[in-house]
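**Student:** Output the structure for:
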Amino acid sequence: MLGGIGLPELLIILLLAFIVFGAGKLPGVGKALGQSIREFKVAVNKSVEEDAKQD
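**Tutor:** Okay, the predicted model is just below:
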């Protein structure tokens, strides 16, 4: 699904994020996104471990 995203596409996405959020808010947005991804990974791993225990 994301295999078609290359460097030009990433640059366009970053440029749009810079325009929408501004330079001052980008670090906060990046931090929030990183925390969300981290929490999602923890939840997925916890779910996989619980499924393995049930088997």
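**Student:** Tell me where the model's unsure across the protein.
**Tutor:** 1-3, 55 (pLDDT under 70).
**Student:** now the strands for it?
**Tutor:** Ranges of strands in the chain, per DSSP state E: none exist.
**Student:** Go through it and flag its longest helix.
**Tutor:** The helix spanning the most residues in the chain, taking DSSP state H as the definition, is helix 26-54.
**Student:** How far does that helix sit from its chain's centre?
**Tutor:** 10 Å (Cα atoms, centre = their mean, to the nearest Å).
**Student:** Give me the buried positions along it.
**Tutor:** Residues of helix 26-54 classed as buried: none (neighbour count, 16 or more other Cβ atoms under 10 Å). Every C-beta, even on glycine, is put in place using the N, C-alpha and C of the backbone.
**Student:** now for it, which elements pack on it?
**Tutor:** The contact analysis (3 or more Cβ pairs under 8 Å, 6 or more residues apart in numbering; DSSP states H and E) places helix 26-54 against helix 7-21.
**Student:** by how many degrees do the helix it packs on and helix 26-54 diverge?
**Tutor:** Put simply, helix 7-21 runs at 110 degrees to helix 26-54, going by axes from the mean of the first three to the mean of the last three Cα atoms, to 10 degrees.
**Student:** And helix 7-21, what does it pack against?
**Tutor:** helix 26-54.
**Student:** Kindly provide the distance from residue 28 to residue 15.
**Tutor:** The gap separating residue 28 from residue 15 is 18 Å, by Cβ to Cβ, to the nearest Å.
**Student:** got it, and residue 29?
**Tutor:** 14 Å.
**Student:** Residue 44 too?
**Tutor:** In terms of Cβ to Cβ, residue 44 sits 31 Å off from residue 15.
**Student:** Also residue 42?
**Tutor:** Plainly put, residue 42 is 31 Å away from residue 15 if you go by Cβ to Cβ.
**Student:** ditto for residue 43
**Tutor:** Distance from residue 43 to residue 15, by Cβ to Cβ: 32 Å.
**Student:** before we move on, what about residue 31?
**Tutor:** From residue 31 to residue 15 the distance is 20 Å (Cβ to Cβ).
**Student:** Could you do residue 54 as well?
**Tutor:** From residue 54 over to residue 15 (counting by Cβ to Cβ), the distance is 47 Å.
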